[in-house]
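In: Requesting a structural model of the entry that follows:
(one chain, ligands or ions: 4)
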Amino acid sequence: MRTTIGHRLCHNRRGASTIIAIVLSLVIIVVIVSNVVLWSYEMNQLDWEKMNENFSITEVTKVTNSSWFVAQSEFIVNQGNLVDGSFHYTTTANDVCETFKEDLEYQLETLHPNAAGQYTQWPVEYPSGSSHWSLCDEDSPDDDSTYVENNAATTKKDSFNLQDPAGSGSINWIRIYVRAKLVASGSSILRTFMRTYGTDYEGSDITLSTSYQDNYTQYNMNPYTGADWTWSEVASLEIGAVSIKLGAALPRMTAVWVVVSYSASPNYSLDLNCPFTLDLSTYPLDQIQTVEIQLRWRADDTDENWYLKAYDWTTTAYSDSNFNSTSGQVPSSDYDTYTVNLTDKWQSYVSDSGTVRVQLHDEGEDVNQTTVGIDFLGVRVRINGSCFTFKNEGSVTLHMVSLWVINSTVHRHYDMDAIVNSAEALSYIRADINLTDGFYTVKVVTERGNKAIYSAEV
Ligand SMILES: [Ca+2]
Ligand SMILES: [Ca+2]
Ligand SMILES: [Ca+2]
Ligand SMILES: [Ca+2]
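Out: Ligands and ions are numbered 1, 2, ... in the order given. Sure thing, here's the model as predicted:
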């Protein structure tokens, strides 16, 4: 009985391994067959795609310039104001303008303390015995060499009289500056202080650290009158600081001063700039002949000359040095075009990444507040290149990989990498292919191996 069972088990085991072998063989056969089928399908697919490529070269022309590169971001207005529109308005010549206006150019005058004022409350001065204003009056702050300090846990004010101002004209704003620190970490309070018409005004709490820092409070109007500051108000102003010591963090002040922003006479000016980025993959730096800047614009007066300049990346300043024209243009109320080219010295105006920063500015300060409308502003490169127009008339996308240009003397091959979608055309620009006059043949080859040929006379 036991022997019979043993035989049967042995027989079953042999049977099972036979089945496994057959199954494995079947799997291998299926894998091989399916791979063959897949490979043959892929081959057929490739053949089918290759057969369905249908394209032509429809035109070959000389190209002497790129299209215009236009603003991609808002203009930076250093002087003047944006009145209406956005940089998008400047990307097409269509009589729709972005509008800017000249604004008053302001000068600054700085005034320092020259006498004691209403309050001398800060308890400590260094050097000891000095008048407080004389410790805070220096033009370049001397930090720990001379200062006043508050070691009291109550509010203390120091205020000083000021030098007489020399400026004239309309006052834009005044700023009360305080240079101070804490002698130890903490949260003691310090505020700027000002006294006008016998009334005290304090700024908001300033967060101090253990290093000296300048802080200011700006007043666009005299808070007592609610009107623009006058020069006599500035002359009789007192400035200083208020502090409260908390813990061990004694506030220490080394200097206070006032800055007055004003304009002596109507002196309107405008100065704006914007970056333009050249497509260096299509127009490599070593193929550029020169760079052109074109402005289409108008203005509401013809009182002054205006200038296009570009940022010189070497001297790090705007310039028109070596431009073909440096005489600027007087605008008119009708649209005018103002074009400059950067001659063969264009390199200093183009960054390694292809950025050209263009500036437009007025001749100078004048009494008429001019409004300027920019309809179009663009930058382009001049090249000695070629444009090949391909038309894909087939049902599959084309990948062009090779280009030949053949004439009586030259037989040149160029690598290319261009995609043309089904039923679309592509104008393919090569700044590095310069077609000489005469009869020539152009041949283009796709990745699948099809080619198109074009012959003509330039
Ligand atoms: Ca000082
Ligand atoms: Ca001006
Ligand atoms: Ca003007
Ligand atoms: Ca426009």
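In: all helices in the stretch 151-300 of the chain, in order from the N-terminus.
Out: Using DSSP state H, counting those that start in this stretch, the helices of the stretch 151-300 of the chain run over residues 231-235.
In: Find the closest residue to ligand 1 in it.
Out: The nearest approach of the stretch 151-300 of the chain to ligand 1 comes at residue 254, 3.7 Å away (Cβ to the ion). (Each C-beta comes from the backbone N, C-alpha and C, glycine too.)
In: Give me the distance between that residue and ligand 3.
Out: Applying Cβ to the ion, to the nearest Å, the value for residue 254 to ligand 3 is 43 Å.
In: pLDDT weak spots in the chain?
Out: Applying pLDDT under 70 to the chain flags residues 1-16, 36-37, 43.
In: Give me the domain ranges for it.
Out: Split into domains by automatic domain parsing, the chain comes to 53-63+384-457, 69-104+268-381, 107-263.
In: Nearest to ligand 4, out of those domains?
Out: Across the domains of the chain, closest to ligand 4 is domain 69-104+268-381 (Cβ to the ion), at 4.2 Å.
In: Now do that closest one: distance from first to last residue.
Out: 9 Å (Cα to Cα, to the nearest Å).
In: Turn the domains of the chain into JSON lines, columns for distance to residue 24.
Out: Output for the domains of the chain, formatted as JSON lines (distance: least, Cβ to Cβ, whole Å):
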{"stretch": "domain 53-63+384-457", "distance to residue 24": "39"}
{"stretch": "domain 69-104+268-381", "distance to residue 24": "55"}
{"stretch": "domain 107-263", "distance to residue 24": "78"}
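In: Point out the residues in the stretch 51-200 of the chain that sit beside ligand 2.
Out: Within the stretch 51-200 of the chain, no position is near ligand 2 by Cβ under 5 Å from the ion.
In: For ligand 3, give me its nearest residue in the stretch 51-200 of the chain.
Out: Counting by Cβ to the ion, the stretch 51-200 of the chain gets nearest ligand 3 through residue 102, at 5.0 Å.
In: quick one: the nearest residue to that residue once chain neighbours are set aside from ligand 3, how far?
Out: Excluding the flanking residues, the one nearest residue 102 by Cβ to Cβ, 6 or more residues apart in numbering is residue 268, at 3.7 Å. Residue 268 sits 5 Å away from ligand 3, going by Cβ to the ion.
In: distance of residue 268 from residue 52?
Out: Using Cβ to Cβ, to the nearest Å, one obtains 66 Å as the distance from residue 268 to residue 52.
In: So the two - more neighbours on which side?
Out: Counted by other Cβ atoms under 10 Å, residue 268 and residue 52 do not tie: residue 268 has more neighbours, with 22 against 13.
In: Spatially central residue in the protein, please.
Out: By Cα atoms, centre = their mean, the chain has its centre lying nearest to residue 275, at 6.4 Å.
In: out of everything not next to it in sequence, what's closest to residue 417?
Out: Excluding the flanking residues, the one nearest residue 417 by Cβ to Cβ, 6+ apart is residue 401, at 6.7 Å.
In: Residue 310 now?
Out: Spatial nearest neighbour of residue 310, chain neighbours left out: residue 349 (4.2 Å); criterion: Cβ to Cβ, 6+ apart.
In: I am finished for the moment; much appreciated.
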